[in-house]
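Q: no sequence for this one, just the structure:
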């Protein structure tokens, strides 16, 4: 292997023999953020002064998840991230193992809050109000890009959208639960995701497809526009998801009667308990709301 090839492998982090020496390459900021299967650190690259996001995966939890797909060639999260290139998806730069043997993903760092924290904070909700329609379109675009790359995200929720601090854009993150959009990965039984955003077919362990992401998008948009849950539940356990096909959700127009009718209609459709009653794709949602130029007058 030439010196050039060794250097390329070191930079790509995508299966080369070189491993990432975290402390030699980065200065890590003090605060760490813990996810379901990982910890996230903001890392400043010493040679370039560039800030990036460093995701360190929990080996035990990662193995437990991967064990669900024994015999299948499930791509790792880093590979999925590298395959999706879109302005509304956080860019993945490298993935591999550190010198200590821990799986890592190096990605674009977006300075700003998660959409979940915006929804839960009254002051931020007011600041975001003029930008909500733009964010909904961008959320759709991020999901569409994921689907066009051949994957189902499977954990769409406000926590997995990061809003830039100047409110110019939101970006989709976290492909830890994502799977290829192929038959062998859509068989009944894989109940993973965030309960309040789970489509009924996931909860009931039925066959799934990319429309589980559209159901979760509908819940996310509903919460962005109302700050409430469509079923009124504050339960964050798996029990919350059991009502998603047992009782109708509250029509969004009951909470926001002045909301644009086309926008309200497509959000309500996304929340349909049967996948066949939902929009066929994120692209279809984008086409439907293309000429919506306002949300509501308040």
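A: Everything's here; your move. Nothing here was measured: the structure is a model prediction, and the numbers come from that model.
Q: so what's the residue count around the nearest residue to residue 19 once chain neighbours are set aside?
A: Take residue 19 and drop its neighbours on the chain: the residue closest to it by C-beta to C-beta, 6 or more residues apart in numbering is residue 99, 4.7 Å away. Where you see a C-beta, it was placed from the backbone N, CA and C, and this is true even at glycine. For residue 99, the neighbour count with other C-beta atoms under 10 Å is 12.
Q: just to check, residue 99 is in contact with residue 18?
A: No. The pair residue 99 / residue 18 is not scored as a contact, 9.4 Å apart, by C-beta atoms under 8 Å.
Q: so how far is stretch 121-131 from its chain's centroid?
A: Counting by C-alpha atoms, centre = their mean, to the nearest Å, stretch 121-131 is centred 21 Å from the centre of its parent chain.
Q: can you list the buried residues in that stretch?
A: 124, 125, 128, 131 (16 or more other C-beta atoms under 10 Å).
Q: got it, and stretch 91-100?
A: For stretch 91-100, by 16+ other C-beta under 10 Å, it's 91, 92, 93, 94, 95, 96, 98.
Q: let me know the closest of those residues to residue 66.
A: Residue 66 lies nearest to residue 95 out of the buried residues of stretch 91-100, by C-beta to C-beta, at 14.6 Å.
Q: A strand includes the closest one, no?
A: Yes. Assessed with DSSP: H, G, I helix; E, B strand; the rest coil, residue 95 lies in a strand.
Q: is the residue lying closest to it once chain neighbours are set aside in a helix, a strand, or coil?
A: With C-beta to C-beta, 6+ apart as the criterion, residue 95 has its nearest non-adjacent residue at 2.3 Å, and that residue is residue 78. Classification of residue 78 using three-state DSSP returns helix.
Q: gap between residue 78 and residue 52?
A: According to C-beta to C-beta, to the nearest Å, residue 78 stands 14 Å off from residue 52.
Q: who's more crowded, those two?
A: Using other C-beta under 10 Å, the more surrounded residue of residue 78 and residue 52 is residue 78, with 24 against 18.
Q: I'd say the more buried one and residue 97 touch.
A: No. Contact criterion C-beta under 8 Å: residue 78 and residue 97 do not qualify, at 10.3 Å.
Q: re earlier: how about the buried residues of stretch 91-100 in TSV, adding pLDDT?
A: Compiled in TSV, the buried residues of stretch 91-100 are given as follows (pLDDT from 0 to 100):
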residue	pLDDT
91	98
92	98
93	98
94	97
95	97
96	97
98	97
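Q: where along the stretch 51-200 of the chain do the helices fall?
A: 59-66, 77-82, 115-119, 122-128, 132-148, 200-203 (DSSP state H, counting those that start in this stretch).
Q: in a markdown table: those helices, plus distance to residue 190.
A: Converted to a markdown table, these look like this (distance: least, C-beta to C-beta, whole Å):
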| stretch | distance to residue 190 |
| --- | --- |
| helix 59-66 | 10 |
| helix 77-82 | 16 |
| helix 115-119 | 23 |
| helix 122-128 | 33 |
| helix 132-148 | 17 |
| helix 200-203 | 8 |
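Q: export those helices to a markdown table and tack on distance to residue 212 and mean pLDDT?
A: Shown next, in a markdown table, are these (distance: least, C-beta to C-beta, whole Å; pLDDT from 0 to 100):
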| stretch | distance to residue 212 | mean pLDDT |
| --- | --- | --- |
| helix 59-66 | 17 | 94 |
| helix 77-82 | 16 | 98 |
| helix 115-119 | 19 | 95 |
| helix 122-128 | 26 | 93 |
| helix 132-148 | 11 | 98 |
| helix 200-203 | 6 | 95 |
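Q: for the ones you listed, which one sits closest to residue 184?
A: helix 59-66 (14.2 Å).
Q: one step back: just so I know, which of the helices of the stretch 51-200 of the chain lies nearest residue 30?
A: Smallest distance to residue 30 across those (C-beta to C-beta): 19.0 Å, for helix 115-119.
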